[in-house]
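# Need coordinates for the below:
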Amino acid sequence: MAQPRSFSLILLVAGALVGCGVLAIGLVRSPYFEQLVSKLAGVEPATAATTAAAMPLTKAAPGAAPIDDSQIAALREAAMKDDANAQLALGKALGVRAESAAEALTWLRAAAEQRSTEAQRLAATAFAEGRGTARNPAEALRWYRSAADAGDAHAQYEAAILLSSSPDIPGDDREALKWLRRAAAQGHAAAKSKLAELLAAGRGGPPPATVANSAR
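Below you'll find the predicted structure:
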């Protein structure tokens, strides 16, 4: 028995709607659609930099019990009285939480200004990696230098890496070698390796073999 013309028309329209729905679902899930919506809303799509900024600033010590809100409040009260140790402890405690990384950096910088070497190194790392803030290699180098001057071997190594390898920092192999030598003298394994690499490449002076041959 032949179907009424109106029934066939209904089936045709229903099929078209289903097809449009599948297309719409696929479009909404498309990254191109997300980028379009972001641009129309005036919001930039997530990037590696924004992702890093949303990551924790510090890591909890293995086996350490989490600090509760009452302890955070006590640390904050002491930190507001310019207690550098409290500022460092508060920065490290808040830094394990991605949502409080920005506040953590504020307290770490406060402690760093009071010459806390550990705070200087942690603040430098935050600026180098863009955690809790936008990436700022120049600010990272400033704090790494401060901690390096105080004898922190890891800060000495990281300062050397920025000075010898970062595209965002004017290269200075002589200063990089200075920090690498100091870190290597403290037994920093990565610094020893990087020092040998730079010297072998003739950066900051002739390779060791050249020096040995010229002395004969």
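# pLDDT score for Asp68?
Asp68 is assigned a predicted lDDT (pLDDT) of 84.
# please begin residue numbering at 680 from this point
Noted, 680 is the first residue going forward, which turns the last one into Asp747.
# what's the burial count for Arg860?
Counted by other CB atoms under 10 Å, the residues lying close to Arg860 total 14. Quick note: C-beta positions are derived from backbone N, CA and C, even for glycine.
# That one: what secondary structure?
Of the three states, Arg860 takes helix under DSSP: H, G, I helix; E, B strand; the rest coil.
# Quick one: the strands in this structure, in order.
Using DSSP state E, no strands are found in the chain.
# Flag the shaky bits of this protein, pLDDT-wise.
Applying pLDDT under 70 to the chain flags the ranges 680-735, 738-744, 884-895.
# domain assignment for it?
Structural domains annotated on the chain: 693-721, 747-793, 794-883, as defined by automatic domain parsing.
# Would you tell me which of the ones you listed gets closest to Thr737?
domain 747-793 (3.3 Å; CB to CB).
# Straight-line length of that closest one, end to end?
26 Å (CA to CA, to the nearest Å).
# can you check stretch 769-780 too?
Stretch 769-780 end-to-end distance (CA to CA) = 11 Å.
# Can I get the domains of the chain in CSV including distance to Thr737?
Output for the domains of the chain, formatted as CSV (distance: least, CB to CB, whole Å):
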stretch, distance to Thr737
domain 693-721, 31
domain 747-793, 3
domain 794-883, 6
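# which residues touch the nearest residue to Ala768 once chain neighbours are set aside?
Spatial nearest neighbour of Ala768, excluding adjacent residues (CB to CB, 6 or more residues apart in numbering): Leu754 at 5.5 Å. Neighbour list for Leu754: 746, 765, 768-769, 772 [criterion: CB atoms under 8 Å, 6 or more residues apart in numbering].
# among those residues, which two are most distant?
Ile746 and Ala765 (12.2 Å).
# The two: which has the busier surroundings?
Ala765 (20 against 17).
# Okay, the more buried one and Ala863: tell me how far apart.
34 Å (CB to CB, to the nearest Å).
# can you check Ala817 too?
Taking CB to CB, one finds Ala817 at 25 Å from Ala863.
# Just want to know which of these two has more residues nearby.
Set Ala817 next to Ala863 and count neighbours by other CB under 10 Å: Ala863 wins out with 21 against 12.
# you'd agree that one is up against Lys871?
Yes. With contact defined as CB atoms under 8 Å, Ala863 reaches Lys871; the gap is 4.5 Å.
# Break down this structure into its helices, ranges please.
Remark: helices assigned in the chain by DSSP state H are 684-707, 710-720, 727-732, 748-758, 763-774, 780-792, 796-808, 816-828, 832-844, 852-864, 868-879, 887-893.
# Now for Ser843, how many residues are close by?
22.
# ditto for Ala864
Neighbours of Ala864 using other CB under 10 Å come to 12.
# Just give me the neighbour total for the spatially closest residue to Trp786 that is not a sequence neighbour.
Leaving aside its chain neighbours, Trp786 sits nearest to Gly770 (3.8 Å; criterion: CB to CB, 6+ apart). Look at Gly770: counted by other CB under 10 Å, it has 32 neighbours.
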